[in-house]
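**Student:** Return atomic coordinates for the entry below.
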Amino acid sequence: MPFVSYQITPVDPAAHYFDVSITIDHPDRRGQVVSLPAWIPGSYLIRDFSRHIHQLTARTGRTELAIKKIDNHTWQIAPCSRRLTLSYRVYAWDLSVRCAHLDQTHGFFNGTSVFLKVHGRETQPCLVSIEPGATTRNWRVYTSLKRARRGGQTTAPHRFGLYEAPNYDALVDHPVEMGTPHVETFTVCGAKHEMVFTGVLPNVDFKRIARDTAKICETQIRFFEPQTHRAPFLDSADQYVFMTYVTGKDYGGLEHRASTALVASRQDLPVVGNDERSEGYTGFLGLVSHEYFHTWNVKRIKPQAFVPYDLSRPNLTSLLWIFEGFTSYYDDLMLLRAGVVDEPEYLRLLAKTITSVHRGPGRHRQTVADSSFDAWNRYYRQDESSVNNIVSYYTKGSLVALALDLSIRNATGNRKSLDNVMRLMWDRYGRRFYTARQRGVQEDEFATLLRQATGVDLQTFIEKATESTDDLPLAALLAKQGVALSWQAERRAPGIGAVMRATASGEPGLAQVLEGGAAHAAGLSAGDILLAMDGLRIEVGNWEKLLSRCQAGQQVTLHYFRRDELRSTTLTLQAPANDQCSLNRSSAG
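**Tutor:** Alright, predicted model coming up:
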């Protein structure tokens, strides 16, 4: 079968440009159509990556062909019968896990941002030549793409050269990092893993990170494959690659079939000589665990709506509470099972999630199924009112997973659990996913899967948990496992029912106003800048001190700016809410 051949070069790091070319030996005689994905799997928002493509040209031999733009991300080339070559430039200045980034220190790209799809050739193998630019010849290449063998030679590990993918879908699911990063490697269950760190990295304890990550990876492989201990990505790659860009304050990740792209805060990584585990480092390990768990749950076990992906439009499903929420439940649980955190720390992490969901008024207005379906235009397009109107399918979904796990354990005397459901879904949907027999989980199928895996009928419970806005009965479920759930106030001082956050200029601005709270009743809105309370100046640093001198029920006068207009209002301070969850092993447990 002929290849579709790509070439990509970091041609101008200072201006942030990759040059890309595509060679098509047998173009569509009616006029070859090409397109760039409008979104990237795992990040459910139309992003129009095509806006970064410039100077697209088409040639056959020495003849330049006309190009017609069909829509925002699709082009049609004038008909030709001979080899067709497309050339274009990609602007890469998005330092996130979703797009592409290039400067003098490194290059990174997702295939969805740089490689045009050749319509009619989607299932053909792809050959990719990753070439060095004039100023980047000392860089190395890190990717889970397979190194290609041509002319009796295989591209050397981490070198510029030829790589291959079995089809376009695979091509865009193996991101590439290039540069001179710090690299750690480890092998668990016979599978090689690389950890690639890019950025300014003073005194980071990379060995510790690799040790902890190895425990997490081994635990998850053994979880899904208790007999064979075989890593799932070995069906498509020789190793798994963690690509981490380290910055001053960022956090995030995006899963792929044999790798993940991460952005982490420098302050969250451990330093050599300090063995304490900070909250930030635990959060980083939770992110690592989350993205690695996706190797099974969402990359191979998928909702039917993602089989296959249509990257030209939103792919709507009401099941993200399973594919993101369950992953969010297991990410911290795997830290516990791997021995990275102990039980008291795990309970603190779980309590933090319960607190987060409980504090959002939006949980009373949006179901977790609707949150999943509306991810494209609500969760990924949040504004200042979102806290009042939406619930996260990540966090609420993780609590649904907790409730289901507890319900199964309580009903079976701990002989069965949600683990059995995950393994059944892996057996039924995950193992053969990248084959012609691929299937996904149907929208109304999960309750049946749970019953088949555990013998427990939770149909009514699942419907109520996912299709209503009722709070989950976590306290009662946890109590049967010997864990006590209690609520207390996080602070003693009264409050105003709003979230203050310093503006870019350091002013005390209101980021969110909770409906039904004191600020709402007083007519305050998100974006207002607080100036003074009872004649005393408000600053971000003294706000809590001012409140601590007051009592709940006390009326105060607030002066504030709304845009450039000076206003004032009378506000009645509200008592601190008992909205912080605490979980503790009960004496009976």
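**Student:** A351 touches S582, doesn't it?
**Tutor:** Yes: here A351 reaches S582: they are 5.7 Å apart, a contact under Cβ atoms under 8 Å. C-beta here means a position set from N, CA and C on the backbone, and glycine is covered the same way.
**Student:** which residues do the two both contact?
**Tutor:** Here A351 and S582 have L485 as joint contacts, going by Cβ atoms under 8 Å, 6 or more residues apart in numbering.
**Student:** and A261, what are its bridge partners?
**Tutor:** Beta-bridge partners of A261, counted by DSSP bridges, are M243, L254.
**Student:** who touches it in this structure?
**Tutor:** For A261, the contact set (Cβ under 8 Å, 6+ apart) comprises V97, F108, N110, P175, M243, Y245, G253, L254.
**Student:** how about CSV for those residues, with neighbour count added?
**Tutor:** Listed next are these as CSV, based on neighbours: other Cβ atoms under 10 Å:
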residue, neighbour count
V97, 26
F108, 26
N110, 26
P175, 26
M243, 26
Y245, 22
G253, 21
L254, 21
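**Student:** For A237, state which of those is nearest.
**Tutor:** P175 (12.0 Å; Cβ to Cβ).
**Student:** where's the closest one relative to R98, distance?
**Tutor:** 10 Å (Cβ to Cβ, to the nearest Å).
**Student:** Same question for L162.
**Tutor:** 26 Å.
**Student:** Please say which of the two ends up with more neighbours.
**Tutor:** L162 (22 against 19; other Cβ atoms under 10 Å).
**Student:** Bridged to the more buried one, which residues?
**Tutor:** S129.
**Student:** May I see the buried residues of stretch 291-311?
**Tutor:** 291-303, 305-306, 309, 311 (16 or more other Cβ atoms under 10 Å).
**Student:** Mean confidence (pLDDT) on that stretch, please.
**Tutor:** Mean per-residue pLDDT for stretch 291-311: 97.
**Student:** Tell me the span between the first and last residue of that stretch.
**Tutor:** 21 Å (Cα to Cα, to the nearest Å).
**Student:** remind me which residues of the stretch 201-350 of the chain are low pLDDT?
**Tutor:** Counting by pLDDT under 70, the stretch 201-350 of the chain contains no low-confidence segment.
**Student:** how about the helices in it?
**Tutor:** Using DSSP state H, counting those that start in this stretch, the helices found in the stretch 201-350 of the chain span residues 206-224, 279-293, 320, 326-337, 343-358.
**Student:** which residues sit against the third one?
**Tutor:** Under the contact criterion Cβ under 8 Å, 6+ apart, helix 320 has outside partners Y44, P303, S371, S372, A375, Y393, G397.
**Student:** at 6 Å instead, please
**Tutor:** With contact meaning Cβ atoms under 6 Å, 6 or more residues apart in numbering, helix 320 is reached by S372, A375, Y393.
**Student:** and what of stretch 73-84?
**Tutor:** 24-25, 27, 29, 31-36, 38, 50, 58, 60, 65-70.
**Student:** Return the members of the residues you listed classed as buried.
**Tutor:** Judged by 16+ other Cβ under 10 Å, buried ones among the contacts of stretch 73-84: 24, 27, 31-36, 38, 50, 58, 60, 65, 67.
**Student:** which two in these are spaced the farthest apart?
**Tutor:** A38 and T60 (27.9 Å).
**Student:** quick one on the thing from earlier: any idea which of the contacts of A261 is closest to V499?
**Tutor:** Distances from V499 to those, taken by Cβ to Cβ, are shortest for G253, at 24.9 Å.
**Student:** quick one: that closest one and E291 touch, right?
**Tutor:** Yes: counting by Cβ atoms under 6 Å, E291 is a contact partner of G253 at 4.4 Å.
**Student:** residues bridging contact with these two, i.e. touching both?
**Tutor:** With Cβ under 6 Å, 6+ apart as the test, G253 and E291 both reach T260.
**Student:** Among the buried ones among the contacts of stretch 73-84, which ones are in strands?
**Tutor:** Assignment to strands by DSSP state E places the following of the buried ones among the contacts of stretch 73-84 there: I24, V33, V34, S35, A58, T60, I67.
**Student:** need the contact list for the fifth one.
**Tutor:** So that's A58. Here A58 is in contact with L65, I67, I77, L86 (criterion: Cβ under 6 Å, 6+ apart).
**Student:** Which single one of the residues you listed is nearest to H229?
**Tutor:** Nearest to H229 among those is L86, at 44.1 Å by Cβ to Cβ.
**Student:** Okay, domains of this structure per the record?
**Tutor:** Domain segmentation of the chain under automatic domain parsing yields 4-180, 181-276, 296-486+581-589, 498-572.
**Student:** And the second one, how far out from the chain middle?
**Tutor:** Yep, that's domain 181-276 we're talking about. What separates the centre of domain 181-276 from the centre of its chain is 15 Å, taken as Cα atoms, centre = their mean, to the nearest Å.
**Student:** Straight-line length of that domain, end to end?
**Tutor:** Domain 181-276 end-to-end distance (Cα to Cα) = 25 Å.
**Student:** Ok, which of the domains of the chain comes nearest R492?
**Tutor:** Ranking the domains of the chain by their distance to R492 (criterion: Cβ to Cβ) puts domain 498-572 first, at 7.3 Å.
**Student:** Check the offset of that closest one from the chain's centre.
**Tutor:** That offset, for domain 498-572, works out to 34 Å (Cα atoms, centre = their mean).
**Student:** now do stretch 154-167
**Tutor:** 27 Å.
**Student:** again, but for stretch 8-22
**Tutor:** 27 Å.
**Student:** Can you list the buried residues in that stretch?
**Tutor:** 8-13, 16-22.
**Student:** and if you look at stretch 564-581?
**Tutor:** L571, L573, Q574, P576, A577, Q580, C581.
**Student:** Equivalent analysis for stretch 218-228, please.
**Tutor:** For stretch 218-228, by 16+ other Cβ under 10 Å, it's E218, T219, Q220, I221, R222, F223, F224, E225.
**Student:** export the residues you listed to JSON lines and tack on distance to E565?
**Tutor:** Shown next, in JSON lines, are the buried residues of stretch 218-228 (distance: Cβ to Cβ, whole Å):
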{"residue": "E218", "distance to E565": "60"}
{"residue": "T219", "distance to E565": "57"}
{"residue": "Q220", "distance to E565": "55"}
{"residue": "I221", "distance to E565": "60"}
{"residue": "R222", "distance to E565": "62"}
{"residue": "F223", "distance to E565": "58"}
{"residue": "F224", "distance to E565": "58"}
{"residue": "E225", "distance to E565": "63"}
